[in-house]
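Peer 1: prediction below, plus the sequence it came from.
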Amino acid sequence: MFDEVAAHYDRTNAVLSMGNATLWRVATTRAVAPRAGERILDIAAGTGTSSAALARTGAHVVAADFSAGMIDVGRERHADNPNIEFVQADATALPFEDGEFDAVTISFGLRNVVLPQKALDEFYRVTKPGGRIVICEFSTPPATPIRVGYFAYLNHVMPAIVRLASSNAEAYDYLGESIAAWPAQATLSGWLRDVGYEGVAYRNLTLGIVALHRGIKPILESPAIGLAAAETAS
């Protein structure tokens, strides 16, 4: 599905978010706080728009995505940026070494993973001790009027916009359903703690339509903490 929408993916996102996608990307980049010389994993990076923002500080960003089509478009768009490396990868079986990255981040991709808790365990594995995770994802607005209006937009307004903005409107049919089915902020925070992250916190963006989650991998840990936590959670 993502292969089919890769060419106009960023344009469609900008339209559907009513311009907020740029603000969410800025907030995510600030939360990651990339520094020159760091190695950062940007999962579900799509065409690399988020990766480019992270790489501006001089960090080396590995832009990983499951979709070969997204990777192809990203490589072409950012061919002149030596700080971005594109890799096709499955979030639940990452092809990287333990503790390889100073920071791991994923924006609007975790809900598309069939086994999100398994993916979080992988994120924890490849994060360096003392490293950080930042997740930006659609969430549940806490205020009832906002929540009702938001889901009305997803169900009735967004499909009409998609037909005008997307190169493949049918590929977006799942979007509203995936957002509605995604757990609220507290649940995702609990998943992060389950795999071993500490200092887990979140803050709402755009009245809770989106939430920005953060955590730190402890410097001193049991080698089996991620696996043990996952087994406990299951």
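Peer 2: Everything's here; your move.

Peer 1: so where's the longest strand in the chain?
Peer 2: Secondary structure of the chain per DSSP state E: the longest strand is strand 127-138.

Peer 1: who does it pair up with?
Peer 2: strand 101-107 (parallel), strand 210-216 (antiparallel) (DSSP bridges).

Peer 1: how distant is the helix or strand just after it from the center of its chain?
Peer 2: As assigned by DSSP states H and E, the chain's next helix or strand after strand 127-138 is helix 144-152. Counting by CA atoms, centre = their mean, to the nearest Å, helix 144-152 is centred 23 Å from the centre of its parent chain.

Peer 1: 711 is where my numbering starts, stick with that
Peer 2: Let's use 711 as the start, then, which means that last one is helix 854-862.

Peer 1: show me where this structure has strands.
Peer 2: Assigned by DSSP E, the chain shows strands spanning 749-753, 770-775, 794-798, 811-817, 837-848, 908-915, 920-926.

Peer 1: could you give the angle of the first one to strand 837-848?
Peer 2: Right, the one you point to is strand 749-753. Angle of strand 749-753 versus strand 837-848, following axes from the mean of the first three to the mean of the last three CA atoms, to 10 degrees, is 30 degrees.

Peer 1: same question, the last one
Peer 2: Put simply, strand 920-926 runs at 170 degrees to strand 837-848, going by the same axes, to 10 degrees.

Peer 1: show residues contacting strand 920-926.
Peer 2: 730, 734, 737-738, 741, 840-849, 895, 898-899, 902-903, 907-915 (CB atoms under 8 Å, 6 or more residues apart in numbering). Using the backbone N, CA and C atoms, a C-beta is placed for each residue, glycine as well.

Peer 1: Ala762 and Ala789 touch, don't they?
Peer 2: No - when contacts are counted by CB atoms under 8 Å, Ala762 is not listed as touching Ala789 (11.9 Å).

Peer 1: out of the two, which sits in the busier spot?
Peer 2: Counted by other CB atoms under 10 Å, Ala762 and Ala789 do not tie: Ala762 has more neighbours, with 21 against 10.

Peer 1: skipping adjacent residues, who's closest to the more buried one in space?
Peer 2: Of all residues not flanking Ala762 in the chain, His788 sits nearest, at 6.1 Å (CB to CB, 6 or more residues apart in numbering).

Peer 1: who are the contact partners of the one you found?
Peer 2: Contacts for His788 (CB under 8 Å, 6+ apart) come out as Gly758, Ser761, Ala762, Ala773, Ile794, Phe796.

Peer 1: run a quick neighbour tally on His866.
Peer 2: 10.

Peer 1: sketch out the low-pLDDT regions of the protein for me.
Peer 2: The chain contains residues with pLDDT under 70 at 711-729, 871-884, 931-944.

Peer 1: rerun that using 90 as the cut-off
Peer 2: Counting by pLDDT under 90, the chain contains low-confidence residues at 711-733, 756-757, 777, 779-780, 822, 857, 859-891, 930-944.

Peer 1: what about Asp831, distance to Ile845?
Peer 2: 14 Å (CB to CB, to the nearest Å).

Peer 1: state the pair within the contacts of His788 that is farthest apart.
Peer 2: The most widely separated members of the contacts of His788, counting by CB to CB, are Ala762 and Phe796 (11.6 Å).

Peer 1: could you dump the strands paired with strand 837-848 into TSV with distance to Ala862 and mean neighbour count added?
Peer 2: Converted to TSV, the strands paired with strand 837-848 look like this (distance: least, CB to CB, whole Å; neighbours: other CB atoms under 10 Å):
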stretch	distance to Ala862	mean neighbour count
strand 811-817	24	26
strand 920-926	17	22
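
Peer 1: nothing else from me, thank you.
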